[in-house]
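[1] A structural model of the following input is requested.
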Amino acid sequence: MSDVVRRIVLAEHHPARGLARDEWLVANGLGGYASLSISGAVTRRYHGLLIAALPVPLGRLVMLSQVSDAIVFPDGAIVRLSQDEEPDPGAAHSGSDQDAPESARLVEFRLEAHLPVWRYEARGLTIEKRLFMPSRQNIVHVIYRLVGGAHDTGPVQLRLRPLVQFRPLEAPVNSAPGAAYMVSAAGDRYEISAGPDLPVLRLMTQGKRVAMILDGGTRREFFYSVEAERGYEAHGSVWSPGYFACELSPDRDVVLSAGTESWYAFEALPPRQALEYETRRRRRLVEQTPEPLRSGAAAELVLAADSFVITPLPRIADMVRAQASGDDIRTVIAGYHWFTDWGRDTMISLEGLTLSTNRSIEAGWILRTFAHYVRDGLIPNMFPEGRDQGLYHTADATLWFFHALDRYVAMTNDRATLRQLLPVLRDIVDHHRRGTRFGIGVDPADGLLRQGEPGYQLTWMDAKVGDWVVTPRRGKAVEINALWYNALRLVSRWLEEEGDPGAARPLADSAEQVFASFNRRFWNKRSGHLYDVVDGEHGEDDPACRPNQIFAVSLPNPVLARDRWEPVIETVRQRLLTPVGLRSLAPGHKDYKPRYTGDLRARDAAYHQGTVWAWLIGPFIDAWLKLHPEDREGARRFLDGFTRLDKVGGIGTIAEIFDAEPPFTPRGCISQAWSVAEVLRCWLKTSAPAERGEDHRSGRTT
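    Below you'll find the predicted structure:
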């Protein structure tokens with residue numbers, strides 16, 4: 001796995017404080033993570049060295065914001081390594097004992113197996129720092145090593161000051177726990193608490209001549225620059241009990257470990273051994289994939305994909321139920337830093353994250369997990385932070401469930417799971433035909449699926465600010481009906497294959513009605529593409545040119561007549577395609593927004609009104625290859641914009657969205673599940689069949 005390394009090109013002896021906007025992320029498989037800027041600056045409320053994922057009602061908590069690290073030389077000079085924060089342009093910087101007139105120079109930053117490594121130079125010394133989290137533990141280890149140089153006047157000291165802030169992930173940065181921070185010590189173990197309602201943060205340092213200097217507790221005011229730009233509270237205080245002092249020498253690493261797990265978990269696996277195990281685990285993830293995904297940017301995305309597939313620790317009851325039935329529970333985090341698991345994102349991402357990477361066992365767990373959540377014919381739209389009950393306000397997530405199951409069965413031939421879920425699928429179809437929540441139901445006049453209720457945003461274009469639903473799309477939306485047709489065809493075929501033609505026939509008849517009605521109602525002859533919504537809230541048809549129409553071609557059972565594929569695909573290519581995905585609205589529309597910037601209202605006004613979505617490159621490539629089945633090379637070129645994984649989101653991954661105009665600046669979440677999943681899936685799909693190990697007889701990869 002030596003080739004799964006990404007180096008960030010730095011000018012020679014580049015100062016760390018110039019890299020405050022490039023971000024890295026390490027996830028722990030529970031929904032928790034560590035993430036900061038390359039420089040070390042904490043610029044977001046979501047940043048921290050330990051964001052722990054904890055059982056309901058806690059959810060994810062910021063526990064350890066940062067560790068201020070510095071080298072102390074024999075003459076008393078202090079040289080800082082990381083930059084703690086970006087300076088507040090409106091206020092004088094509030095310093096600490098770590099502030100120094102001199103900063104080390106960051107000469108290299110790299111990801112090794114998607115784990116961050118920094119190399120600093122300070123007065124002739126070269127210091128390497130690396131960070132990792134053991135899989136499925138709320139623990140972070142930071143390892144320091146002197147890799148070059150020696151100080152001829154005596155040993156140097158590494159000083160590590162933990163900067164603590166206990167608060168819910170989504171809470172404003174000026175939030176504070178209900179009780180004062182307290183520190184207790186037992187030998188080389190330290191615990192920080194803030195009342196009985198919050199977990200304890202455990203800290204320990206290993207190295208040569210380690211000492212903990214407790215200085216009575218100090219506070220620092222942090223300025224969160226990105227929060228200021230986004231219109232949120234940008235000033236909050238962090239607390240420190242003191243600092244660890246250790247001798248830094250070539251023959252002994254210094255390790256700082258922090259976590260909310262028990263001391264037994266800390267003792268079970270020493271940090272260096274834990275790093276070896278985690279590296280092996282990541283190596284296996286890459287090695288088990290089809291050959292086209294085992295090197296370069298694709299291999300990096302395989303490792304990025306791993307961060308989204310999680311065990312949802314907070315939902316203990318669900319975990320117990322799954323394990324009792326011989327399963328395990330898995331779900332998909334929609335994006336880092338702020339999303340939880342969303343039904344829609346999970347189903348769209350499932351193929352790229354799990355099936356393309358040969359993690360089909362987990363794909364089955366995910367599908368069976370979500371089948372348990374079906375209520376009134378719907379799967380949850382999302383699980384809010386710190387809650388174990390889902391919200392069901394979605395018209396399309398449930399229909400994507402059919403698509404995900406189809407891809408799973410096609411690649412695994414797991415007919416047992418199909419048979420287990422068929423009653424759930426039939427119940428979903430029945431609820432949609434009769435009508436279910438939020439006005440979701442079939443219009444008996446034409447068989448098309450309509451949806452909408454005032455105050456709700458039920459499609460994937462779901463921005464809402466207060467009472468303002470930006471893109472309500474109430475009525476019969478184009479992609480909803482493409483998905484509905486696909487679902488009817490799939491269930492009809494599955495019932496036929498399972499020996500129930502009597503149940504299959506009515507669904508096939510309904511699909512025929514949907515096909516005829518769709519092609520009669522959605523084709524906009526004047527513009528040469530599809531209406532986005534027909535029979536809208538006031539009976540109108542919406543002629544806006546949006547990417548949703550591509551699903552009428554891209555899905556396995558396309559609802560659009562074959563002779564209309566080419567004009568639709570060409571319209572999307574000319575008006576919506578960018579190097580990093582599809583625009584959500586074509587330029588020239590009165591609501592088109594070229595940039596996703598400003599406060600929450602301004603950003604949400606642009607979220608689906610031009611902003612580019614990376615995940616939509618997947619259905620576009622699917623549609624392209626249906627029209628041009630031999631043009632794999634041409635289809636692969638649509639992915640060229642994603643190969644620079646230091647330019648399209650967090651380092652080594654892909655962002656949620658991008659501005660609609662050059663330079664297509666990445667915005668939103670720094671790492672998004674369906675962005676990574678769809679690029680991975682299409683990377684494999686546009687490879688030669690022999691390269692991806694395709695069994696032509698079964699259509700499955702080996």
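[2] would residue 406 count as being in a helix?
    Yes - applying DSSP: H, G, I helix; E, B strand; the rest coil, one finds residue 406 inside a helix.
[3] for it, give me its contacts.
    Applying CB atoms under 8 Å, 6 or more residues apart in numbering, one finds that residue 406 lies in contact with 490, 556. All C-beta spots, glycine's among them, are computed from the backbone N, C-alpha and C.
[4] gap between it and residue 412?
    Between residue 406 and residue 412 the computed distance is 11 Å (CB to CB, to the nearest Å).
[5] residue 620 against residue 583, yeah?
    No - look at residue 620 against residue 583 with CB atoms under 8 Å: they stay out of range, at 11.2 Å.
[6] the two: which has the busier surroundings?
    Each of residue 620 and residue 583 has its neighbours counted (other CB atoms under 10 Å); residue 583 has more, 27 against 24.
[7] how close does the more buried one get to residue 616?
    9 Å.
[8] nearest spatial neighbour of residue 655, chain-adjacent residues omitted?
    Among residues not flanking residue 655 along the chain, residue 649 sits closest, at 3.2 Å (CB to CB, 6 or more residues apart in numbering).
[9] how many neighbours does that neighbour have?
    30.
[10] that one: what's it in contact with?
    Residue 649 neighbours (CB under 8 Å, 6+ apart): 655-656, 666, 669-672, 675.
[11] ok, now residue 85?
    Here residue 85 is in contact with 41-43, 222-225 (CB under 8 Å, 6+ apart).
[12] need those in CSV (columns: secondary structure).
    Formatted as CSV, the contacts of residue 85 follow (three-state DSSP):
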residue, secondary structure
41, coil
42, coil
43, coil
222, strand
223, strand
224, coil
225, helix
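[13] which of those residues tops the neighbour count?
    residue 42 (31 neighbours).
[14] just to revisit the earlier point, need the residues touching each of residue 583 and residue 616.
    What both residue 583 and residue 616 touch, as defined by CB under 8 Å, 6+ apart, is the set residue 547.
[15] please name the nearest non-neighbouring residue to the residue nearest to the spatial centre of the chain.
    Central residue of the chain (CA atoms, centre = their mean): residue 335, 2.5 Å from the mean position. Nearest residue to residue 335 in three dimensions, chain neighbours excluded: residue 669, at 3.5 Å (CB to CB, 6+ apart).
[16] again, but for residue 625
    Nearest-residue entry for residue 625: residue 635, 5.5 Å, with adjacent residues in sequence omitted and distances by CB to CB, 6+ apart.
[17] and residue 599, how many residues sit next to it?
    Summarising burial for residue 599: neighbours were counted as other CB under 10 Å, giving 12.
[18] and it, what's its pLDDT?
    Residue 599 carries a pLDDT value of 90.
[19] the residue lying closest to it once chain neighbours are set aside in helix, strand or coil?
    The shortest distance from residue 599 to any non-neighbouring residue, by CB to CB, 6+ apart, is to residue 231 (3.1 Å). Counting by three-state DSSP, the backbone at residue 231 sits in coil.
[20] where does residue 231 land on pLDDT?
    91.
[21] now do the strands in the stretch 451-600 of the chain.
    For the stretch 451-600 of the chain, applying DSSP state E, counting those that start in this stretch gives strands covering 464-465, 468-469, 476-477, 523-524, 529-530, 533-534, 577-578, 581-583.
[22] which neighbours do residue 620 and residue 583 share?
    Both residue 620 and residue 583 are contacted by 547, 577, under the criterion CB under 8 Å, 6+ apart.
[23] and the residue nearest to residue 625, what does it touch?
    621, 624-625, 628, 682, 685-686.
[24] what's the answer for residue 160, then?
    67-69, 205, 243-244, 246, 254, 256.
[25] let me see the mean pLDDT of whichever strand or helix holds it.
    Assigned by DSSP states H and E, residue 160 belongs to strand 156-168. Strand 156-168 carries an average pLDDT of 96.
[26] if you rank every helix and strand of this structure by mean pLDDT, what lands last?
    Among the helices and strands of the chain, strand 700-701 carries the lowest confidence by mean pLDDT, DSSP states H and E, at a mean of 44.
[27] can you list contacts of stretch 214-232?
    Outside stretch 214-232, the residues touching it (CB under 8 Å, 6+ apart) are 20, 41-45, 47, 65, 84-88, 91, 94, 96-97, 163, 172-173, 181, 183, 185, 233-243, 598-600, 603.
[28] buried sites along it?
    Buried residues in stretch 214-232, counted by 16 or more other CB atoms under 10 Å: 220, 222-228, 230.
[29] for it, measure first residue to last.
    Terminal residues of stretch 214-232 lie 33 Å apart, using CA to CA, to the nearest Å.
[30] now swap in stretch 67-86 and tell me
    OK, stretch 67-86 end separation, CA to CA: 15 Å.
[31] which parts of that stretch are buried?
    Quick answer for stretch 67-86 (16+ other CB under 10 Å): 67-73, 78-86.
[32] swap in stretch 138-151?
    Of the residues in stretch 138-151, those buried (16+ other CB under 10 Å) are 138-146, 151.
[33] closest to residue 29 among those?
    The nearest member of the buried residues of stretch 138-151 to residue 29, counting by CB to CB, is residue 138 at 10.4 Å.
[34] which elements pack onto the strand or helix carrying residue 320?
    In this structure, residue 320 is located in helix 316-324 according to DSSP H and E. Here helix 316-324 touches helix 360-371, going by 3 or more CB pairs under 8 Å, 6 or more residues apart in numbering; DSSP states H and E.
[35] what packs against the helix it packs on?
    helix 316-324, strand 331-332, helix 343-350, helix 397-412, helix 415-434.
[36] now do that helix against helix 316-324, angle only.
    130 degrees (axes from the mean of the first three to the mean of the last three CA atoms, to 10 degrees).
[37] which residues touch residue 452?
    Here residue 452 is in contact with 438-439, 458, 472-475, 537 (CB under 8 Å, 6+ apart).
[38] now residue 613: closest residue in space that isn't a chain neighbour?
    Closest to residue 613 by CB to CB, 6+ apart is residue 581, at 5.1 Å.
[39] quick check: the one you found touching residue 658?
    Yes - here residue 581 reaches residue 658: they are 6.6 Å apart, a contact under CB under 8 Å.
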